[in-house]
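Visitor: A predicted structure for the sequence below; I have some questions about it.
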Amino acid sequence: MPGPGVAAYLILSVILFATGAFGVLIRRSPLIVLLALEIMLNAGNLALIAFARQTGTGSGQIFALTVMVVAAAEAVVGLGLIVAVSRRHVDLDVDKLTTLRG
Amino acid sequence: MGNFLTWVIWLLAAAACLGTGLRVVTAANPFSSALSLIGNLASLAVLYLLASGEFVAAAQVLVYAGAVVVMFLFVIAYLGGRADAPWAGTPSLQSLAAIVAAAAIAVEIVVVIALKAGDELSTPAQVQDGFGSPAEIGRLFLGDHLLAFEVTSIVLLVAAVGGVILGSAVPKGSRS
């Protein structure tokens, strides 16, 4: 019996990505939207790691680490924006944050 | 026997991953969303280990579960952590459209992968013992992928500066 192959990883990755996309679309709090975004990025990372194991080259793992760094940077900027918005006493609701003027 | 054990651990981690992922998306309390994300990232680290991504698994726990989620928890605590019921007040048309869009994305990915790589996914390559170890990752990062490494550091610097600017700009007439 072979161990879990790349197909099993990909199925899990697709389901996880769809879960994250669903969260981004359905939630109204920008904080939870950011959390769901992290799930989507991690689903991509899972596929990258699985493909790296499949092809036997380390480049997929390097790409996954780079995605991790970009996700950290995205969290910093996103959370900074959320804090800046909340300081203006605006409702934290992605349906109401429709203009860029403060 | 070894493969059976691998499958058991894989399935447990996958179930934990999907369950916590769903909880992140559906929980009303932002704190439980962020805490479920830790479980999601930890079970993903187990899956990385099973695909011989040792260094990535360690970095996942350190960077994500250790740093990013703690930052999320700080911001949620700072903003008060108001409960936000995902289903209350959402127009049902919007939630239906979200389900349809998420399912469409899933089907799209499956179709593209099946069309482009249907036959090549069966046999994994043989890898050496050091695959995915810190030494191998370091050799790749500072050798073949040096440009990505340097650009990554610039991205981090810009994000840090941007975070400070966004966090320190106090609007006029604000109490803080």
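Guide: The structure has been received and is ready for your questions.

Visitor: contacting residues around residue A:16?
Guide: Residues near residue A:16 by Cβ atoms under 8 Å, 6 or more residues apart in numbering or on different chains: A:39, A:40, A:42, A:43, A:46, B:17, B:18, B:21. For every residue, glycine as well, the C-beta is placed using N, CA and C.

Visitor: among the residues you listed, which ones are in helices?
Guide: A:39, A:40, A:42, A:43, A:46, B:17, B:18, B:21 (DSSP state H).

Visitor: give me the neighbour count for the last one.
Guide: The burial count assigned to residue B:21 is 30, neighbours taken as other Cβ atoms under 10 Å in any protein chain shown.

Visitor: please identify the helix or strand for residue A:62.
Guide: Secondary structure from DSSP states H and E places residue A:62 in helix A:59-87.

Visitor: what about that helix, near chain B?
Guide: Yes. Legend: contact between helix A:59-87 and chain B by Cβ under 8 Å from any Cβ of the partner chain is shown at A:59, A:61-62, A:64-66, A:68-77, A:79-84, A:86-87.

Visitor: among the ones in helices among the contacts of residue A:16, who's most crowded?
Guide: Among the ones in helices among the contacts of residue A:16, residue B:21 has the most neighbours (other Cβ under 10 Å), with 30 neighbours.

Visitor: measure it to residue B:44 for me?
Guide: Distance of residue B:21 to residue B:44, computed by Cβ to Cβ, to the nearest Å: 9 Å.

Visitor: what do you get for residue B:158?
Guide: 27 Å.

Visitor: which of the two has more residues huddled nearby?
Guide: Neighbour count, other Cβ under 10 Å: between residue B:158 and residue B:44, residue B:44 has more, with 31 against 13.

Visitor: gap between residue B:126 and chain A?
Guide: According to Cβ to the nearest Cβ, to the nearest Å, residue B:126 and chain A sit 7 Å apart.

Visitor: what packs against the lowest-mean-pLDDT helix or strand in chain B?
Guide: The weakest-scoring helix or strand in chain B, judged by mean pLDDT, DSSP states H and E, is helix B:92-117 (a mean of 84). When contacts are defined as 3 or more Cβ pairs under 8 Å, 6 or more residues apart in numbering or on different chains; DSSP states H and E, helix B:92-117 packs onto helix A:6-26.

Visitor: give the buried residues for the helix it packs on.
Guide: For helix A:6-26, the neighbour count (16 or more other Cβ atoms under 10 Å in any protein chain shown) marks A:6-10, A:12-26 as buried.

Visitor: tell me the angle of it relative to helix B:92-117?
Guide: In terms of direction (axes from the mean of the first three to the mean of the last three Cα atoms, to 10 degrees), helix A:6-26 departs from helix B:92-117 by 150 degrees.

Visitor: before we move on, back to that, could I have the buried ones of the residues of helix A:59-87 next to chain B as PyMOL selection syntax?
Guide: Those of these that count as buried under 16+ other Cβ under 10 Å are selected in PyMOL with:
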select buried, chain A and resi 61+62+64+65+66+68+69+71+72+73+74+75+76+79+80+81+82+83+84+86+87
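
Visitor: can I get whichever strand or helix holds residue B:55 in CSV? Just the C-alpha atoms.
Guide: Per DSSP H and E, residue B:55 falls inside helix B:54-59. What follows is helix B:54-59, C-alpha atoms only, in CSV (Å, rounded to 0.1, in the frame of the first residue of the first chain):
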residue,chain,number,x,y,z
GLU,B,54,10.9,19.5,7.6
PHE,B,55,12.3,23.0,7.6
VAL,B,56,9.0,24.4,6.2
ALA,B,57,7.0,22.6,8.9
ALA,B,58,9.3,24.2,11.6
ALA,B,59,9.0,27.6,10.0
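
Visitor: and it, what's buried?
Guide: B:54, B:55, B:56, B:57, B:59.

Visitor: secondary structure class for residue A:2?
Guide: In three-state terms, and counting by DSSP: H, G, I helix; E, B strand; the rest coil, residue A:2 is coil.

Visitor: could I get the pLDDT score of residue A:35?
Guide: According to the prediction, residue A:35 has pLDDT 92.

Visitor: which one is residue B:67 nearest to, not counting chain neighbours?
Guide: residue A:72 (6.9 Å; Cβ to Cβ, 6 or more residues apart in numbering or on different chains).

Visitor: isn't the one you found right up against residue B:68?
Guide: Yes. Residue A:72 lies in contact with residue B:68 (Cβ atoms under 8 Å); the separation is 5.6 Å.
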